[in-house]
Structure formats: C-alpha cells, structure tokens
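Chemist: Quick one, fold the following:
(2 chains)
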Amino acid sequence: MTDVREPEVTPGAAADAELAVAPELMATSLSDYLRGSYLRIRGGESGVLPVVAGIILISALFQTLNSNFLTAGNLVNLLIQGAAYMLLAMGEVYPLLLGEIDLSIGYVSGIGGIITAELVKQQYGWPWWAAILVALLTCAVIGLVQGTIITRLGLPSFVVTLAGLLGWQGVMLLMLGTGGSLPINNTTINNIASGNLTPLASWVVMLAIVAVFGGRMWLRESRRRKSGLVAPPASLTLIKIAGAALAGIAVVLICNTNRGPLTPIRGVPWVVLVVLGVLAMQTILLSRTKFGRYLYAIGGNPEAARRAGVNLAMIRTVAFSLASMTAGIAGIVYASRLRSVSTALDGGTLVLYAVAAAVIGGTSLFGGRGKAIHAVLGGLVIAVLDNGMGLQGYSAAAKFVVTALVLLAAVTIDSLARRGRIAR
Amino acid sequence: MSTADTPTNGTPLLELRGIEKHFGAVQALTDINLDVSAGNVTALIGDNGAGKSVLIKCIAGIHQPDGGQILWNGQPVHLKTPRESSELGIETVHQDLALCDNLDIVQNMFLGREESHRLALDEEDMEKAASKTLAGLKVTTVRSIRQPVASLSGGQRQSVAIAKTVLWNSKLVIMDEPTAALGVAQTTMVLELVRRLADQGLAVLLVSHNMNDVFEVADRIAVLYLGHLADERPAKELDRQSVVDLMTTGASTRTAEPAGGAP
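Modeler: Take a look at the predicted model:
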C-alpha cells in the first residue's frame, strides 16, 4: 500500500445515505430522530405513519358526512367487522414476504369456519377448543400441501393457489350441502365476535398488555443503550410506550361506553384480543426467530439465502402453511360474527381484500418488506372504508371502486419507493 | 482471524498439485501447481477463458478436478461440495456478493449462522461480534451496522461481504474481481481491507483483471494462460509489461532477467 487515501464522501451522497438509514438507528437525540423520520417519509421509506394519518383523515371525512360514524357503537362494530380482514391480511403477509402470493386463503378460511361450526353441533358435541384446534390444524395441512406443490414441483404460487381458490370453494359448497347454511349454536364460538370483557376486566387486560409491551421494550432498549449497541434515545422509547398506552386507553374508553340501544352493552370485544394475540405472535416470529429472518432473506435475495445454507423449500412451505392457519383463525372469527357459515362467504373478495389490506398497510408485493402490524392497519383502512361508505348508504359498486383506488394508490407508492431504492 | 490460526511455517495452507480439469473435449486446466500461504495475498490473473473461474471453483468445491491433488495444511482433501470446502475454512466472495438488500449489516453477516438463545435470536451478541469484526478490519465508514445493506455504497457492500468471511473464521478467502464495479476511493478502501486480511494471518486468493490492484496488494502473482500456469512468482520479481506478456502469450522474455536480482 503505497498510497493511502481517505475515502471521499460527497455531500450529496451523504444526504442520500441519510435518507436510507432507519432514523432510530443513528439518531442520538429526539430532534435528530424527528428530522430523520421526515427525511425518510420524503424518501418513500415511511413506515406506518402515513397509514395512521390516512385512517385519521378518512375517519374525519366520514364524521363530517355522517355524525354517527364516530359513535362508540359504530367504532366497536367497525373493529369487529375489520377483524376478519386484519387476520386474513396477517396470513397473507407470509407469502408476500417471500415475494409470492396465496389466493386460496379466502376459501381456506371458510373451510376453517365450517369445520368449527360442524364439530360443535349438537350431534357431535365437541368442546369449542377442540373444534377450533382441529379446524386450524386442517387449514395448516391445506397450506402445507399447497406449499409443498409450489416448492417441490417449482410451480408458481399464483397458479397453485388459484387452483386452491377454485377447489376449496367447491369443497366448501360440498360441505355446506343443500341447505347452504350452517348455523352455530355454541355460545363460546359465537362470543368470539359478539362477546365482551366486563368493563373492569377491559381495563385490567389493557393495562397488563401495555405493561408487558412497554416493560419489555424499555428493558431491551435500555440494556442496548448500556452495552453501547445501536438503540433509539430513551425519550423515543418513552414516547412509543406512551403512544401504546394512549391507544389502549382510547380503545377501552370507547368500548366501555354503553353502546346498547336497549340493554346496556359495555366492554372490549373478545375479538380484539384475538387480533392482538395473533399480531404479537406473528411479530415475534418474524422479528425474533431464525424462521422470520430467513423469510425476509428469501424475499430479499433467494440466491444469497441459498448460499448461506437456508433450506428454501422448507421455509417457503412452512410460510404457506402458516398463512392458511392464520386464515383459519380469520374464518372462525368471520363465522362467529355471522353466527353461521353459508354459501354467501365470498372467499375471492375476502382474499383480494386481504392482499389489499397488507399492501395498503405497507407490505411490499415484491417480497422482503412487511410486518404483521401493516396487515392490521391496512385491514383497519378497509374496514373504515367499508363501514363509512355503508353508513352513507353507498352501493356496493361505489365501495369497490373506492377501495380499488386506495389499493392502487398504495401499490403505486410501494412501487415508487422500490424504484427509488434501486436507483441509489 | 488471529495469528494462532496461522499454520506452521513451511507448509503452505493450500497446495495444488497437477490439477487437471476438462469439460468434454475442452481441456480447461492442465497441470496446475500452485501454493497459497497464510498471511499472503496471492493474485490469480489471466485473460478471459484462461481458466481462473474453473480453478477457483475447484478450490471452492463447486467443480471436482479430473486429476491432481489438493492439499490442505499438507493433508490431501477431496472437496465434493461447497459446504465441504466451507467447513475447512474456504470462503468465496462472489462478484455478486450474495447480500440481502433488505437486511441490515449484522443480519447479512450472520445469515445462515444466526446465534440464538433458546428460540429467540441473540441480537446483542451478534451485533457485538459484527461490530468487533468490522472494527478489527477498520471498516469505519458505515454510519450504523443496523442500516440496511441497500443503503451502502459499492465499496461498503464489498467490505461487508469480506468481513462476513472473517467473522466465520475462514482461513482462505477467495475473492472474485472485488474491485470490478468500484470507483477509485472505494477500490482503495477494499484493497486496504484485502491487505489487512492477509496481515491478520488469512490466506487470500485474489482473482483480478486489474493490473493496478494486483501490484498494489499482491505478495505473489500467478498468471494463467489457456489453462496452463504460465508463471508464478513474488510480485516484486514482475512488472506490468511482463505480466501482460504472460497473460497474452504465455511467456515473457523480460521475466527471465528480473531487474535487480538473480533468477
């Protein structure tokens, strides 16, 4: 080495680099962090903030059009309606992270609902938990079979799961038989969507969730700060915890307001806990386990993952299986809300809403980018649109058109952000 | 990684003895004899089609030679798969680097060999180890090791790919055209890194077209010409013109009388 030079960094390049780095990774103070977030939003790497802003905006719009929109009764109703979309979208996140798609999960969720409804019928008399377990296992096996066909035979997931969409619809019609409807008489199953915690229990559960979430985050990030690892500033950790607490308090306050027209109805619906539970488990699976890490790696660069010794076929198959199992949960919630499963279940529309929800929330269709929380927020957007336009008395036609436009906008943003990254 | 891994003096880390390889009627490699020692940068150069890629693929376990012997620390070895050569401590940094753009530096460096505590990933240990390795190699231009690889410059990406091999305790690092796509400042950065790897006791086999790079870092230069080893000697005994002659004609009149020393 005769000639040792310092690598030169031009101011322009430095600004570009700043855009691409996650703000909490390099910010040392809160003001730095806020500036970094602003730069990232401008650079198309925005995280969840734009979706949250979008939900607030749409809600404000619907409230001005119809003052019933922001009533406690309607908001809780909206959460219950949206739960199935959120759960299905969380299922769809697994294949989307791989850069694949699963079109079958709409009807697979129907199968999950039917199996649950069938097994708790008087003539079989299964306990509710056993029925749910068998339904979810069946859905997981369906996903395993489809995933195996996709990975072992090397067929495109689009075509295999399109066959799944048609095939499982047929199976569903077959199982429902001539009546075309299967009522659910089990109270526990029906209470998933229509039962509530008592107001006191709502507060206790909410405080427990915020305490566990906040405590874990605080411990982890302060430990990282102490050992000199990359960590956000303490003030930001506190703001995040406070945000979670505020959101929790708001949800409980709304849900604890009496929303019964005749008899008083109060408390947080069970289904909110189901969604939060699936969200927590999926978040941990994706961000804290090898399986999650490999999903992102395969979505980002399958060849790199293969060379690193990752078993691509196995990870992909398990991802499809998890997608179908999560769809099974969605199906049970959906059936619980309607207290029955019928041929009216439109798995085609459901799955397209699920893909739309995941993408609107910020999951990339091109693989490698996405989180469970994206699916929940996107599902909320779909539910708000659906509910708000329903209140206005818009036709189904108008709902489809508006949802389409929102989806188109979200995909455009995703695509532009991706192009921006590649150009760098 | 440390000098303790350096084998005893005398035995080269990797010895190729009469390596032959043909694809059908095409003789790709003929009687290649080459020693690669720990602590040295050995440059492997040659024109297109000279057999550089086939040779490194034989060492990396992707191809199996049809004749000859590969000795590792003096022991004959048969490398049937890339995994087997990787287990010995041979890592190849390919031209495409094999990095996941959406993962950060730590995640890329540990990809496939993540440390976990029970079922959860042990992010803190991995981050500390990655940070230590990068600091040891004096890779200091990255702002944060938690930034996604997509946001890095070409030279930084190359550095991450190289640091990954150090982290995994490789003994021989094969680099395929590491500076091919880099600018001047980044080339300097990567070449310094290559030098530092050798100084830390690793053996480096550098495949390159670029004469400047080769003369800047290589201790020894091996020139391939149409599947033969045209010449192999310390870099000091060669100059650019003689290397170009060797690459294009397989012989050089100038090498017979190296400047300032007996042959």
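
Chemist: any idea where the helices of the stretch 51-200 of chain A begin and end?
Modeler: Taking DSSP state H, counting those that start in this stretch as the criterion, the stretch 51-200 of chain A carries its helices at A:72-98, A:105-119, A:128-152, A:157-176, A:187-194, A:199-226.

Chemist: Please disregard the earlier target; I meant the stretch 251-400 of chain A.
Modeler: Under DSSP H, counting those that start in this stretch, the stretch 251-400 of chain A gives helices at A:270-288, A:290-300, A:302-307, A:312-338, A:347-361, A:372-391, A:396-423.

Chemist: can I get those helices in a markdown table with distance to B:Val207, mean neighbour count and mean pLDDT?
Modeler: The way it works is simple: take the backbone N, C-alpha and C, and place the C-beta from them, glycine included. Below are the helices of the stretch 251-400 of chain A laid out as a markdown table (distance: least, C-beta to C-beta, whole Å; neighbours: other C-beta atoms under 10 Å in any protein chain shown; pLDDT from 0 to 100):
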| stretch | distance to B:Val207 | mean neighbour count | mean pLDDT |
| --- | --- | --- | --- |
| helix A:270-288 | 38 | 18 | 95 |
| helix A:290-300 | 26 | 23 | 95 |
| helix A:302-307 | 18 | 19 | 89 |
| helix A:312-338 | 28 | 26 | 96 |
| helix A:347-361 | 43 | 25 | 91 |
| helix A:372-391 | 43 | 23 | 92 |
| helix A:396-423 | 27 | 14 | 76 |
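
Chemist: residue in the stretch 101-250 of chain A nearest to chain B?
Modeler: A:Val230 (4.3 Å; C-beta to the nearest C-beta).

Chemist: for the stretch 1-150 of chain B, which spans come out with low pLDDT?
Modeler: In the predicted model of the stretch 1-150 of chain B, residues B:1-10 satisfy pLDDT under 70.

Chemist: And for the residue in it positioned nearest to chain A, the neighbour number?
Modeler: Nearest residue of the stretch 1-150 of chain B to chain A, counting by C-beta to the nearest C-beta: B:Gly112, 3.0 Å away. Counted with other C-beta atoms under 10 Å in any protein chain shown, the neighbours of B:Gly112 add up to 17.

Chemist: what ranges do the strands span in the stretch 151-263 of chain B?
Modeler: With DSSP state E, counting those that start in this stretch as the criterion, the stretch 151-263 of chain B has strands at B:172-176, B:203-207, B:220-225, B:228-234.

Chemist: Make a markdown table from these and add mean neighbour count to it.
Modeler: Output for the strands of the stretch 151-263 of chain B, formatted as a markdown table (neighbours: other C-beta atoms under 10 Å in any protein chain shown):
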| stretch | mean neighbour count |
| --- | --- |
| strand B:172-176 | 25 |
| strand B:203-207 | 26 |
| strand B:220-225 | 24 |
| strand B:228-234 | 18 |
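
Chemist: In CSV, list these along with distance to chain A and mean pLDDT.
Modeler: Formatted as CSV, the strands of the stretch 151-263 of chain B follow (distance: least, C-beta to the nearest C-beta, whole Å; pLDDT from 0 to 100):
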stretch, distance to chain A, mean pLDDT
strand B:172-176, 13, 91
strand B:203-207, 14, 92
strand B:220-225, 16, 91
strand B:228-234, 17, 88
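
Chemist: Now render the helices of the stretch 251-400 of chain A as CSV, adding distance to A:Val48.
Modeler: Converted to CSV, the helices of the stretch 251-400 of chain A look like this (distance: least, C-beta to C-beta, whole Å):
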stretch, distance to A:Val48
helix A:270-288, 13
helix A:290-300, 17
helix A:302-307, 26
helix A:312-338, 20
helix A:347-361, 7
helix A:372-391, 6
helix A:396-423, 13
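
Chemist: Next, the distance between the ends of stretch A:147-164.
Modeler: 11 Å (C-alpha to C-alpha, to the nearest Å).

Chemist: repeat for stretch B:160-178
Modeler: First-to-last residue span, stretch B:160-178, C-alpha to C-alpha: 12 Å.

Chemist: for chain B, what are the nearby residues on the stretch 101-250 of chain A?
Modeler: A:Arg223, A:Arg224, A:Ser227, A:Leu229, A:Val230 (C-beta under 8 Å from any C-beta of the partner chain).

Chemist: how does it look with 7 Å?
Modeler: Within the stretch 101-250 of chain A, the positions near chain B by C-beta under 7 Å from any C-beta of the partner chain are A:Arg224, A:Ser227, A:Leu229, A:Val230.

Chemist: Show me which pair in those residues is furthest apart.
Modeler: A:Ser227 and A:Val230 (10.4 Å; C-beta to C-beta).

Chemist: So for the two, which residue has more residues nearby?
Modeler: A:Val230 (20 against 11).

Chemist: For that one, give me its contacts.
Modeler: Residues near A:Val230 by C-beta atoms under 7 Å, 6 or more residues apart in numbering or on different chains: A:Leu25, B:Glu127, B:Ser144, B:Ile145, B:Arg146.

Chemist: re earlier: and the residue of the stretch 101-250 of chain A closest to chain B, what's its pLDDT?
Modeler: For A:Val230, the pLDDT comes out at 79.

Chemist: how many other residues sit next to the closest residue to it other than its chain neighbours?
Modeler: Closest residue in space to A:Val230, ignoring its immediate chain neighbours: B:Arg146 at 4.3 Å, by C-beta to C-beta, 6 or more residues apart in numbering or on different chains. For B:Arg146, the count of nearby residues is 22 (other C-beta under 10 Å).

Chemist: wait, B:Arg146 sits on B:Asn108?
Modeler: No. Under the criterion of C-beta atoms under 7 Å, B:Arg146 is not in contact with B:Asn108, lying 11.3 Å apart.

Chemist: Point out the residues in chain B that sit beside chain A.
Modeler: Counting by C-beta under 7 Å from any C-beta, chain B sits next to chain A at B:98-103, B:107, B:111-112, B:114, B:116, B:119-121, B:124, B:127, B:141, B:143-148, B:150-151, B:155, B:185-186, B:188-189, B:192, B:195, B:216.

Chemist: Just the buried ones among those residues, please.
Modeler: Neighbour counting with 16 or more other C-beta atoms under 10 Å in any protein chain shown marks B:98-103, B:107, B:111-112, B:114, B:121, B:127, B:141, B:143-148, B:150-151, B:155, B:186, B:188-189, B:192, B:195, B:216 as buried within the residues of chain B next to chain A.

Chemist: how far away is A:Thr317 from A:Arg307?
Modeler: When distance is defined by C-beta to C-beta, to the nearest Å, A:Thr317 is 20 Å away from A:Arg307.

Chemist: Check A:Gly292 too.
Modeler: Counting by C-beta to C-beta, the gap from A:Gly292 to A:Arg307 is 20 Å.

Chemist: By proximity to chain B, which residue of the stretch 151-300 of chain A wins?
Modeler: A:Gly300 (3.6 Å).

Chemist: picking that back up, how near is the residue of the stretch 101-250 of chain A closest to chain B to A:Ile373?
Modeler: Distance, A:Val230 to A:Ile373, using C-beta to C-beta: 21 Å.

Chemist: still on that earlier bit, quickly compare the helices of the stretch 51-200 of chain A and say which is most buried.
Modeler: helix A:105-119 (a mean of 28; mean count of other C-beta atoms under 10 Å in any protein chain shown).

Chemist: how big is the angle separating that one from helix A:128-152?
Modeler: Orientation check (axes from the mean of the first three to the mean of the last three C-alpha atoms, to 10 degrees): helix A:105-119 against helix A:128-152 gives 150 degrees.

Chemist: give the contact list for the closest residue to B:Gly67 other than its chain neighbours.
Modeler: Nearest residue to B:Gly67 in three dimensions, chain neighbours excluded: B:Glu20, at 3.5 Å (C-beta to C-beta, 6+ apart). Going by C-beta under 7 Å, 6+ apart, B:Glu20 touches B:Leu29, B:Thr30, B:Asp31, B:Pro65, B:Asp66, B:Gly67, B:Gly68.
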